[in-house]
Structures are given as C-alpha cells and as structure tokens.
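J.: This is the structure alone, sequence omitted:
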C-alpha cells in the first residue's frame, strides 16, 4: 500500500498565493526595478560587471557585443540574450540616457526608432566615466559579492557607483503589480544636490530643488509645469508636462515655417512617425489649412522637422493646435519606485539623495578600512626590514649557521638558538633576544641583498614615512565623519568638472495651449454613398450638374449641412452618428472614404438600412419593423443624441431590423411571409412610442410561418416583387388591419 505519511494537505489557494508572491518579489527585486544605491537593474549591473571582467576598458579595443552578451548570460544573467543585448543597446544611446555608460561601435539604433544591428555586427566597450565612477574600487572589498545563479561564480550585489545614478540616468521598468518611471537629470545638478545634502543632512526637498531644478531630458524640450515639480519630487509620483522646442522662421515669398528642433522625451522612437502621421491627419481632416508641406530633415546632428506654412498663417494658433492634438506636448508619468533595503519603495527626491549619500559613506568606510589594513601590514613589514638592515650581520650569521629554514625562522621570531652555529657567545645572546613577527620574518628571508645599498635603504625609509602618513590619513577618515564628507565632496567635484554638461531641458511655467478653431461657414452640401459603403460630400452645384446620373451611381443621396450630423441605422438596431466634417469633401469622381473609418460602424457585422441627416429627421416620424413583425413609430427628435453610437430601438434576442424609414402621409408597410402571405398596413395605423419600446405586432403569423421581408412603400412609389413567376405590385394591394394574417399570393 502507498504510504501517505509524507503527504501534507494544504489549502490550494494558500499555495497559489505564496507562489505568486514569491514570483512577484523575484521579478521586482531580481529583474524589473533598479537598486537605489547604484540606480541599475540587475541586467545592467551584470552586463557592466562582465565587461569590466573582460577588460573592456575605455582605452582598449572594442569587443563584439555577442561575446559580451554570451559571457553575461553564461555567468550571471540566465534570462535570454535579447534582454541583455537590449540593456546593452540602451546604455549606449545618448538620446535615452542622461549619461551613456557603454561606448558602442556600429549601429545601435536611432532616435527615430530604428533598431540596433544584430549583436554579431556591433562592438562595445566601457565609457571612461563608467570605468572611473561606476566600477572602480571593486578590488577593495567595498561591496558584497554573492554567488551567481549556479554558484560557480561570484557577482557584486551592487556596483560601487559614486554618484546618484538613479537620478542621472533615470529608470523605467514594469514588474508584477508595480512599475517604475524616473526621468533623467543633469549630472552636475545632481552632484550639486548631493553635496548640499552632505553639508546639511537636514536639507528639505524644496531646498534640494534649488540645485536640482527638475528633469533634464537628453532630447531637450521644455517642462511647462514648474510649480508642480515640488509636489512630484516630495511624493515621488506625478506627471511632468513637456513640450518640444518649435521656432518660427521666415522664408522667401513672405511665408513662414515652423521648425521643431527638440522633441518631448516620450516621443523618441516610433512616436516620431506617429507625430508626423498626426500632422498629416490634421491637414487631411481640415483641422488646419495653414500647413502646405511637412518634411522630416532629422539627421545624426539632431532633430529637424519642418512645417511649411501658407502665407498669412496664424502660427501661434497652429502651434497651439499641435500642442493640443499631437505629441508635440506630452506627459512623462513619474513613479520613483526603486529597491531600497531589499524591498520596493516609492522615494522622494530627498530619499534618493539620502540613500545614495549613506551608500557613499558605506563604500568609503569599507574602502579605507581595507586600505588601512593593507598599510598596517606594510608598516609591519617595513619596520621589520628597517630593523633587519640595522642588524644585518647578525641575521646573516643566523642564516649561515642554520641547517634548516625552520631553525632560522624560529630564531628570528622566538629567539630559539638551539642547533645554530654562532661565531661568538655575544652573537648568540643577541639572537636570543630577537622577536620578529611572522610576516616580518617572511619578508626578511625573502629580502634581496640589493636592499643593503644605501639608496635602497633610503627609499625604504621614505616608503615607511609615507605609510605612516597614509595610516594617519585613513584613521582620520574612518574616525572623523567631517573628514570623510570632505573627501566625498572633493571626489564629486572632480567628477562634475570632468563629466558635467550644460542643461538641455528648460524648466518653466507655461499656460496650457488654447486652440481656437476657426468657425466653418455653414452651408448645405450633398451626401452621397456608393454601393460599396464609400461616402463623401459634394457641393450642391456639383450635384445639380450631375443630377441625371447621381442616383444611378450612388445608393444614398440626400442634402445635409456641412456642420451637421448624419444618422445611420443598421439591421442590428444601432444608430451611428457621423459628423459631416469628418467626411471628405471633393469632386464628383472622388472615391470617398469607407464609413467604417468615420464612425463605430463595422460593415462586416451589420447592414445599413437607412441614412438621413439629423435635420431631416427633426419633427418627423420614423417607422421601425423587425423580423418578428413588431412595429412602431418613433419621433425623429429622439435621435438627436451626442453619443457616436446608441441603440435606435429595442430588439429582443434573435431579432433583427427589417425596415426603417421616415414616413409621410399615405405611406404604408407591406409584410411578406415565408408561406407567401402579404399584408399591407397604413403606416399611420401604428402607435408612436419611445425608441426603447418594443412596439406592437404588425402581422399575425400562422404556426411555422415567419416574416421574410418588410417593405416601406411611399405613396408615390410603385414596387413589385416576383413570387413563383408571378409579379405582385405591392402598392396595389388592398389595405388590411394590423395584427391580421393578410392574403395569400
């Protein structure tokens, strides 16, 4: 029998909850979010460390990206080559990073969204700033090393970054249930803010912002909500509004052109193409008539998008239109989420600076503790060698009189003279008083005879003097926080001087763009739609000239106002509203546009039963008849609605509309059933109801019979149908009462 002793019964939901939390935390900490100390996500940290291990210094030749990716994946990051290469590519892109950390050689993509070449074609090495500010001192035990995924290698838990990289380069990442989005900032400003905190740890976020003005995007642009930045940086959450930089230039012929030289940071990549497409759409939809040509003249030297304008164009109003309707003004959502103390935390600007400052003290404490230990070891050896040089004759006598190395060692360390031949009792007595340490003894035994030269001895004494100075310096740094702070500030100043750049993004308060749409002159036009569902409007004069053929070429033809709306009723019982201004207005032979493109109508899911302008429906009655014969009249005023799509009538499950139309005096409805029954009812016989009502029964059906067709017959029409080779003229049928069976034909 099976032994059930080891089976543990647990609630399934508890296991799922625990497993999901474990997975979520793994994604958050080990993949998606940066660490506040070095501002790097694990894939970035591992890639940079691997490059350092491969010796890819800024002053050495480039190495194939494929080698870097493969080495990183095999040793430290087992999550696929695309994620590693993607991180490597981003770290080379100066239009995404405030401070690129990798020097790329080859095609690493463009600001317009072009992807990087395959990793086998590109090469990379570390930037100088990465080598000196991000990776130095790894050999001085400044950070903890942890086992890699298969415990065959060691990797740093965090890189010893000496600047607040989380702010300098920003971060973005999507974890499980949370995401981070931190904008890049100016290198020099961040360092100035860090120095201000080191000098005054009680500094407030508002005081910090005197140094760190706001984000500094690599693409430049203008931040327009300066007054909101303080709250964003205090809470770590908010929206930064950013505009591109657009200038107006005079060109020949008295015309002007708008030149966009800087774009909002969120526009980089494929969004530049979308921005241009949005401008094309504004021109096509007649939102503006001021733009005569659009050209993207961007190159490796920078962004340059040129909009040529017609003479006399209102440039200010046009710019406001671009800010309102395109991504020339965009928002950057800030969520300053990072791993702090091993868990995700939303941080304020001051929190980030504080964590980074604390990290600098920790790095320097460990660094100078390591260096102090080395200097103390050096001091011990130097003192031993200096003492040994003074009694070198005795030491030589001990070495020559010893039969084994162990005898000489014991004599030098413990004064044991047994078994050693001395020239005199005095030498033996002196030897018995020796007490060198083990490391001193080792150094003495390994000492070369050239150390006995006068100049060499002088060098040794100078080295010892320098060692004593170093020990005093290191002890002062470790014991005196002011000295350590002064040192950190001095280092930060040197980084700012060498790697600092001018601010690119302007921080300002700018009122929200207000676009005043020029009023369109109201006039009557003719709507036409062909049998393929392509619609447009034409001038009334064009209609008059083509009156003879227009009804042959088009399925729907009716007048409407160019500022009005068109109602479209479908067999699914829906009403779709179309703004006439959204339709193309052109020549008689122009194709028009599918109505699917200008409203929510989907031609693959329903058929158009009736169309009319909203003005033609007002104060008139519309008849609805469905597949079950339910019929009603509805006031046309009920369909003057703001919604683009709404229910035109109530249909029960399985019902569809068979007939919709405006009725006049003398109009009638003809029902035809599957078994050949016909019933003609005067339209006036049906009650007027609300559009949400079901209606009344129009025809009484025999068991097994069903409505096959419903015809709306106007008093002036003559409509005939063929039934079994017999023609039935519908408008000659005798009128019957509603809810009767009709006559057989």
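T.: On my side now, so go ahead. It should be emphasised that the depicted structure is a prediction, and the values quoted were computed from it without experimental measurement. Numbers count the residues shown, from 1 in each chain.
J.: May I have the residues that are in contact with the residue positioned nearest the centre of the chain?
T.: In the chain, the centroid-proximal residue (C-alpha atoms, centre = their mean) is residue 172; its distance is 6.6 Å. By C-beta atoms under 8 Å, 6 or more residues apart in numbering, the contact list for residue 172 reads 179, 180, 181, 182. (C-beta placed from N, C-alpha, C; glycine too.)
J.: Which pair of those residues spans the longest distance?
T.: Considering C-beta to C-beta, no two members of those lie farther apart than 179 and 182, which are separated by 10.8 Å.
J.: Identify the contacts common to the two.
T.: Residues touching both residue 179 and residue 182 (C-beta under 8 Å, 6+ apart) are 172, 335.
J.: so residue 324 makes contact with residue 330?
T.: No: under the contact definition of C-beta atoms under 8 Å, residue 324 does not touch residue 330, with a separation of 11.7 Å.
J.: circling back to that earlier point, okay, the contacts of residue 172 in CSV with distance to residue 584 next?
T.: Listed next are those as CSV, based on distance: C-beta to C-beta, whole Å:
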residue, distance to residue 584
179, 41
180, 45
181, 40
182, 45
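J.: Sort out for me which of the residues you listed are in strands.
T.: With strands defined by DSSP state E, the entries of these inside them are 179, 180, 181, 182.
J.: List the contacts of the third one.
T.: Residue 181 makes contacts with 171, 172, 332, 333, 334, 335, as judged by C-beta under 8 Å, 6+ apart.
J.: Next: the first one.
T.: Contact partners of residue 179, counting by C-beta under 8 Å, 6+ apart, are 32, 172, 173, 335, 337.
J.: Tell me which two of those residues sit farthest apart.
T.: The largest separation in these, counting by C-beta to C-beta, is between 32 and 335 at 12.5 Å.
J.: Which residues are in contact with each of those two?
T.: Shared contacts of residue 32 and residue 335 (C-beta under 8 Å, 6+ apart): 179, 180.
J.: Those two - which one has more neighbours?
T.: When neighbours are counted by other C-beta atoms under 10 Å, residue 32 comes out ahead of the other of residue 32 and residue 335, with 24 against 17.
J.: what's the distance between the residue nearest to the more buried one when sequence neighbours are not counted and residue 138?
T.: Distances taken as C-beta to C-beta, 6 or more residues apart in numbering place residue 175 nearest to residue 32, at 3.7 Å, with adjacent residues excluded. Applying C-beta to C-beta, to the nearest Å, one obtains 28 Å for the distance of residue 175 from residue 138.
J.: and if you look at residue 342?
T.: To residue 138, residue 342 is 21 Å away according to C-beta to C-beta.
J.: Heading C-terminal from the helix or strand hosting residue 361, find the next helix or strand.
T.: When elements are defined using DSSP states H and E, residue 361 is found to belong to helix 349-390. Following helix 349-390 in sequence order, the next helix or strand is helix 392-401 (DSSP H and E).
J.: Okay, angle between that next one and helix 349-390 too, please.
T.: Regarding helix 392-401 and helix 349-390, their directions subtend 80 degrees when assessed with axes from the mean of the first three to the mean of the last three C-alpha atoms, to 10 degrees.
J.: What residues sit buried inside helix 392-401?
T.: Neighbour counts over helix 392-401 (16 or more other C-beta atoms under 10 Å) mark 394, 395, 397, 398, 399, 401 as buried.
J.: Just the residues contacting it, thanks.
T.: Outside helix 392-401, the residues that touch it by C-beta under 8 Å, 6+ apart are 388, 408, 411-412, 420-423, 427, 430-431, 444, 452.
J.: tell me the average confidence for it?
T.: Per-region confidence: helix 392-401 scores 88 on mean pLDDT.
J.: wait, what's in contact with residue 692?
T.: In this structure, residue 692 makes contact with 647, 649, 650, judged by C-beta under 8 Å, 6+ apart.
J.: wait, I meant residue 380
T.: Contacts for residue 380 were tallied using C-beta under 8 Å, 6+ apart; they are 437, 439, 440.
J.: Could you break the chain into its assigned domains?
T.: Here the domain parsing of the chain from automatic domain parsing is 33-161, 245-327, 362-498, 524-744.
J.: which of those sits most buried?
T.: domain 33-161 (a mean of 19; mean count of other C-beta atoms under 10 Å).
J.: Now do the same contact list for residue 184.
T.: Under the criterion of C-beta under 8 Å, 6+ apart, the contact list for residue 184 reads 97, 98, 99, 167, 168, 169, 170, 215, 216, 217, 218.
J.: Which of those sits closest to residue 529?
T.: When those are compared for distance to residue 529 (C-beta to C-beta), residue 217 wins out at 47.6 Å.
J.: tell me the SS of that closest one?
T.: Following DSSP: H, G, I helix; E, B strand; the rest coil, the label given to residue 217 is coil.
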